[in-house]
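A.B. asks: coordinates only, sequence not included:
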């Protein structure tokens, strides 16, 4: 029987991110995937492909987590898009009721500093409630800046400093994703667990983000941890998976492309 992992994340209907990407990534790595949906996200092709967001009722989220953890022995969970303080409350309460060995948090921060209302409330709830429960956190450059308290991240050394600070503040293993955003020929992420600082490198594939890349990294780490890998081994495999999924990205009629995990061979 395969090891089982749980993704607590949003649905992204076009298949390029969210729970859809998590399940495909789990499956590609030989881990049985389960999902508790937190929200329904659909792009609006009539409005510049912006997100339309519908939250799932908090009790329904808790019911889904109850069902999948009752049916399966699950010690590894990935947290993706949550989207509202009430959703975060429900997920945090469900996590505290259970003992997961591995909690991989993809810290989806939505406030860019311009909208101090619901977006900031959501981000604050995420930091206050979800970060203390996480064992691994996978921030991108923007999220690493916010979580570390640094003013800006412009170099690999900045990203390493951010990873150190996030670990010191929150005690989690940090996989900080530089991706295509930092200067240089390589897409570089950094792994830091308080003892080891490891660069995860691959040649850049274009200069633009590909939808679902962040989900893929966190999901691949989750799948590997569920199978018994160490956090560093899981991060190294995740780097290979996301690089391959960007190389084999899926196009369409939107102004962005999406990851495709289907051809990865471990």
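C.D. replies: Yep, it's here. Bear in mind the structure is a predicted one, so any value in this text is a computation, not a measurement.

A.B. asks: the longest strand in this structure is where?
C.D. replies: strand 32-44 (DSSP state E).

A.B. asks: that strand packs against which elements?
C.D. replies: strand 4-12, helix 18-28, strand 50-55, helix 58-71, helix 85-96 (3 or more C-beta pairs under 8 Å, 6 or more residues apart in numbering; DSSP states H and E). Yep, even glycine has a C-beta here, placed from its N, CA and C like the rest.

A.B. asks: and that strand, which strands flank it?
C.D. replies: Paired neighbours of strand 32-44 in the sheet (DSSP bridges): strand 4-12 (parallel), strand 50-55 (antiparallel).

A.B. asks: let me have those in CSV, extended by mean neighbour count.
C.D. replies: Formatted as CSV, the strands paired with strand 32-44 follow (neighbours: other C-beta atoms under 10 Å):
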stretch, mean neighbour count
strand 4-12, 26
strand 50-55, 13
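
A.B. asks: what's the closest of the ones you listed to residue 126?
C.D. replies: Ranking the strands paired with strand 32-44 by proximity to residue 126 (C-beta to C-beta) places strand 4-12 first, at 12.6 Å.

A.B. asks: tell me what angle that closest one forms with helix 85-96.
C.D. replies: Interaxial angle, strand 4-12 versus helix 85-96 (axes from the mean of the first three to the mean of the last three C-alpha atoms, to 10 degrees): 170 degrees.

A.B. asks: any stretches of the stretch 51-200 of the chain with poor pLDDT?
C.D. replies: Flagging of the stretch 51-200 of the chain using pLDDT under 70 yields the residue ranges 112-116.

A.B. asks: where along it do the strands fall?
C.D. replies: Assigned by DSSP state E, counting those that start in this stretch, the stretch 51-200 of the chain shows strands spanning 76-79, 102-105, 136-137, 173-177, 186-192, 197-203.

A.B. asks: ok, which of these comes nearest residue 211?
C.D. replies: Of all these, it is strand 173-177 that lies closest to residue 211, at 14.2 Å by C-beta to C-beta.

A.B. asks: list the strands paired with that closest one, with their directions.
C.D. replies: Applying DSSP bridges, strand 173-177 is found paired with strand 136-137 (parallel), strand 186-192 (antiparallel).

A.B. asks: tabulate those strands (a markdown table), appending mean neighbour count and distance to residue 67.
C.D. replies: Putting the strands paired with strand 173-177 into a markdown table (neighbours: other C-beta atoms under 10 Å; distance: least, C-beta to C-beta, whole Å) gives the following:
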| stretch | mean neighbour count | distance to residue 67 |
| --- | --- | --- |
| strand 136-137 | 26 | 25 |
| strand 186-192 | 23 | 33 |
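
A.B. asks: to residue 76, which of those strands lies closest?
C.D. replies: strand 136-137 (9.8 Å).

A.B. asks: ok, and what's touching that closest one?
C.D. replies: Residues outside strand 136-137 that contact it (C-beta atoms under 8 Å, 6 or more residues apart in numbering): 102-107, 131, 147, 166, 170, 172-175, 221, 225, 231, 234.

A.B. asks: just to revisit the earlier point, relative to residue 193, which of the helices and strands packed on strand 32-44 is closest?
C.D. replies: The nearest among those, by C-beta to C-beta, is strand 4-12 at 20.3 Å.

A.B. asks: for the closest one, the distance to its chain's centre please.
C.D. replies: Relative to its chain's centre, strand 4-12 lies at 10 Å (C-alpha atoms, centre = their mean, to the nearest Å).

A.B. asks: just stretch 166-173 next, same as before
C.D. replies: Chain-centre distance of stretch 166-173: 16 Å, with C-alpha atoms, centre = their mean.

A.B. asks: list of residues touching it?
C.D. replies: 105, 131-132, 134-137, 139, 144, 147-149, 174, 176, 191-194, 231.
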